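Novice: Okay, structure incoming, though there's no sequence with it:
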Ligand SMILES: Nc1ncnc2c1ncn2[C@@H]1O[C@H](COP(=O)(O)OP(=O)(O)OP(=O)(O)O)[C@@H](O)[C@H]1O
Ligand SMILES: [Zn+2]
């Protein structure tokens with residue numbers, strides 16, 4: 001079965017070492033931060049809002065004004081000395097008198113304005129009134145209004161002009177340079193590795209991957225000697241897709257192609273195109289190709305192309321993914337647009353070809369797929385050799401041994417192991433990195449840090465032991481179950497118990513094998529029920545896998561008696577949203593079949609366990625005591641495995657206990673954190 005081990009892939013992802021992706025070029029000497037522009041603009045707007053807001057002012061005649069003052073209806077007066085105008089605030093209790101019906105409207109701003117006749121100044125008039133009647137009117141002379149109004153009229157224009165100049169300079173690659181600020185959202189974030197900058201990556205740096213290297217060798221030739229191909233009328237391919245799990249060296253390979261051909265290398269991640277602004281993705285794509293054409297011949301590498309290249313929706317979700325689709329369309333247009341002899345070759349990486357839009361894979365686009373797989377034993381040796389080069393090791397370190405310890409590791413994981421080992425040795429103040437450091441590094445990367453200090457009650461420990469012993473016992477007695485390598489109840493990372501199995505390398509899996517696997521997975525829960533009488537949450541991971549397996553067998557592989565030879569799998573990757581491809585009654589049948597299949601295997605697990613209850617009990621006791629058991633312990637208890645066991649062969653031929661790809665972990669509920 002392809003992808004028979006989804007768990008492992010997840011682990012892989014999690015422990016992928018962090019490394020710089022295609023980051024945008026942020027210019028450190030940027031003299032002018034773009035946020036200043038925002039700040040100034042918003043201040044102007046706020047200012048305009050407050051000052052430009054006209055108070056609702058009622059104009060009155062001079063004679064009315066005099067009357068109001070005489071009747072003491074005015075609270076204060078501001079005299080604008082440079083204009084022949086005075087503004088007066090009306091006492092609230094007089095508002096209705098002054099404003100009449102409109103009092104409500106003027107209520108908040110009870111101001112009146114009056115033109116001062118040239119014959120008699122307001123101030124003199126007010127002075128007289130004050131003196132004669134003793135009213136307390138505050139008078140203020142104001143000259144600022146003039147300045148303000150001038151500023152307010154011209155400031156926006158000034159700002160716009162400054163802003164404009166600044167913008168033009170930026171667009172011409174002025175002080176800020178390209179790649180920074182808001183006006184560069186449409187610029188691609190591609191990272192350029194020019195041919196003369198830094199050490200070149202070549203095929204020597206890429207270990208293993210011999211088939212992939214052979215295939216890309218041709219691209220190197222295209223780039224080096226295009227004439228050889230075009231003279232015969234052939235067209236140089238525009239792109240190739242590197243397909244494989246994370247960390248297997250896709251980026252490295254693409255870089256090596258550029259290095260071998262000695263051409264510039266643009267690197268960008270698919271997710272860098274996608275931004276929340278509409279149209280930005282498409283404009284970034286245009287920009288990327290414009291840059292690439294300028295530098296041609298060159299390689300453009302798009303990592304994680306699935307971020308933009310996912311199949312365009314069949315089900316119209318009312319424009320939810322429009323932006324991504326526009327970006328994808330632009331990419332397709334650009335790929336069609338440039339001539340096949342322009343010297344730009346696009347390499348893209350993905351680990352999900354199945355979800356890519358079919359248009360991307362059509363002839364003339366990414367019509368070649370190059371598989372970059374997880375390394376096998378020999379490849380792992382080579383990768384170790386590459387990454388051990390810079391490390392000071394002593395003679396106890398044996399590459400062959402290391403490669404055997406790391407099945408299922410990707411190139412990135414191996415790089416990580418080497419680095420980790422060096423760190424561990426440094427922590428222990430060693431002069432050289434020793435074999436033990438590598439073993440610890442491998443262990444650490446497999447299971448996260450050992451957490452011996454995690455508080456687990458004796459009862460919980462017993463439950464974990466019984467659960468794990470259940471898996472172990474069943475895997476011993478089921479013909480097709482993967483042979484067990486070791487089981488531990490030492491908590492590592494999140495898992496409280498774990499079992500390692502040797503996976504058999506098989507391309508197709510029979511129904512019997514799948515059923516046995518399910519049975520072994522159910523062994524943990526079955527042992528809990530049989531020997532503790534209480535079931536726990538520790539089996540969640542097991543149950544999830546069993547349920548998925550059963551659904552897969554019934555709906556994809558057509559392996560149930562009631563629904564034989566039917567597959568509702570859609571390899572085109574489109575998901576069914578509104579309509580299932582089967583009827584309601586079939587859906588019920590599927591559910592019933594899944595339940596039946598799991599129930600059968602569970603009964604089988606319980607039956608087998610009760611037959612070997614004594615051995616199981618011994619196993620659980622050893623586990624409790626030693627926290628770890630190996631295949632040999634099982635042999636001592638149960639005798640030779642009834643079926644020729646690959647694990648035994650391997651264990652005999654190799655003294656080391658190989659770690660293995662298949663790891664079944666169980667999570668039990670953590671004990672409550674003691675409150676301090
Ligand atoms: N075959 C290999 N030989 C040597 N080193 C490798 C190999 N594969 C991976 N590595 C190491 O792992 C690192 C990460 O690999 P790379 O970035 O090429 O993986 P990738 O397949 O592109 O991953 P992703 O799909 O997540 O982008 C490399 O920088 C290199 O150090
Ligand atoms: Zn389990």
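Specialist: Thanks, I have it. Just so we're clear, the structure is a prediction, and the values are computed from it rather than from any experiment. Numbers count the residues shown, from 1 in each chain. Ligands and ions are numbered 1, 2, ... in the order given.
Novice: what's the burial count for the residue in the stretch 201-350 of the chain positioned nearest to ligand 1?
Specialist: In the stretch 201-350 of the chain, the residue found nearest to ligand 1 is residue 249; the distance is 2.7 Å by C-beta to the nearest ligand atom. Using the backbone N, CA and C atoms, a C-beta is placed for each residue, glycine as well. Using other C-beta atoms under 10 Å, the number of residues around residue 249 comes to 26.
Novice: residues in contact with the nearest residue to it once chain neighbours are set aside?
Specialist: Among residues not flanking residue 249 along the chain, residue 411 sits closest, at 4.5 Å (C-beta to C-beta, 6 or more residues apart in numbering). When contacts are counted by C-beta atoms under 8 Å, 6 or more residues apart in numbering, residue 411 touches 207-208, 247-249, 252, 375, 383.
Novice: can you narrow those residues to ones near ligand 2?
Specialist: Filtering the contacts of residue 411 for neighbours of ligand 2 using C-beta under 5 Å from the ion leaves an empty set.
Novice: hang on, the earlier thing: if I look at the residue nearest to residue 249, how far off is residue 425?
Specialist: 22 Å (C-beta to C-beta, to the nearest Å).
Novice: what's the answer for residue 125, then?
Specialist: To residue 425, residue 125 is 96 Å away according to C-beta to C-beta.
Novice: Pick out the residue nearest the middle of the protein.
Specialist: When C-alpha atoms, centre = their mean is applied to the chain, the residue found nearest the centroid is residue 271 (8.7 Å).
Novice: Quick one: residues contacting the closest residue to it other than its chain neighbours.
Specialist: Distances taken as C-beta to C-beta, 6+ apart put residue 307 closest to residue 271, at 4.2 Å, once the chain neighbours are dropped. When contacts are counted by C-beta under 8 Å, 6+ apart, residue 307 touches 269-271, 273-274.
Novice: Need those in CSV (columns: pLDDT).
Specialist: Listed next are these as CSV, based on pLDDT from 0 to 100:
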residue, pLDDT
269, 87
270, 84
271, 83
273, 78
274, 74
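Novice: Make a PyMOL selection of the buried ones in those residues.
Specialist: The following PyMOL line selects those of these that are buried, judged by 16 or more other C-beta atoms under 10 Å:
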select buried, resi 269+270+271+273
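Novice: how about the strands in the stretch 201-350 of the chain?
Specialist: Per DSSP state E, counting those that start in this stretch, the stretch 201-350 of the chain carries strands over the ranges 239-243, 265-269, 298-303, 344-350.
Novice: Mind putting the ones you listed into a markdown table with distance to residue 289?
Specialist: Shown next, in a markdown table, are the strands of the stretch 201-350 of the chain (distance: least, C-beta to C-beta, whole Å):
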| stretch | distance to residue 289 |
| --- | --- |
| strand 239-243 | 12 |
| strand 265-269 | 10 |
| strand 298-303 | 8 |
| strand 344-350 | 7 |
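Novice: pretty sure the residue of the stretch 201-350 of the chain closest to ligand 1 contacts residue 206?
Specialist: Yes: contact criterion C-beta atoms under 8 Å: residue 249 and residue 206 qualify, at 5.9 Å.
Novice: Show me the helices in the stretch 251-400 of the chain, by range?
Specialist: Using DSSP state H, counting those that start in this stretch, the helices of the stretch 251-400 of the chain run over 270-273, 280-295, 306-309, 322-337, 377-388, 399-405.
Novice: oh sorry, the question was meant for the stretch 401-550 of the chain
Specialist: Remark: helices assigned in the stretch 401-550 of the chain by DSSP H, counting those that start in this stretch are 411-427, 435-447, 458-477, 511-527, 540-551.
Novice: Which helix or strand contains residue 114?
Specialist: In this assignment (DSSP states H and E), residue 114 forms part of strand 111-115.
Novice: partners of that strand in the sheet?
Specialist: Here strand 111-115 is paired, per DSSP bridges, with strand 57-60 (parallel), strand 85-90 (antiparallel).
Novice: looking at these, which is buried most?
Specialist: By mean neighbour count, with neighbours taken as mean count of other C-beta atoms under 10 Å, strand 85-90 ranks first of the strands paired with strand 111-115 at a mean of 21.
Novice: Who are the packing partners of the helix or strand that comes right after that one?
Specialist: The helix or strand immediately downstream of strand 85-90 is helix 95-99, counting by DSSP H and E. Judged by 3 or more C-beta pairs under 8 Å, 6 or more residues apart in numbering; DSSP states H and E, helix 95-99 is in contact with strand 57-60, helix 103-106.
Novice: worst average pLDDT in these?
Specialist: Within those, the stretch with the lowest mean pLDDT is helix 103-106, showing a mean of 64.
Novice: Sort out which one of the contacts of residue 411 lies nearest residue 165 for me.
Specialist: Distances from residue 165 to those, taken as C-beta to C-beta, are shortest for residue 252 (45.1 Å).
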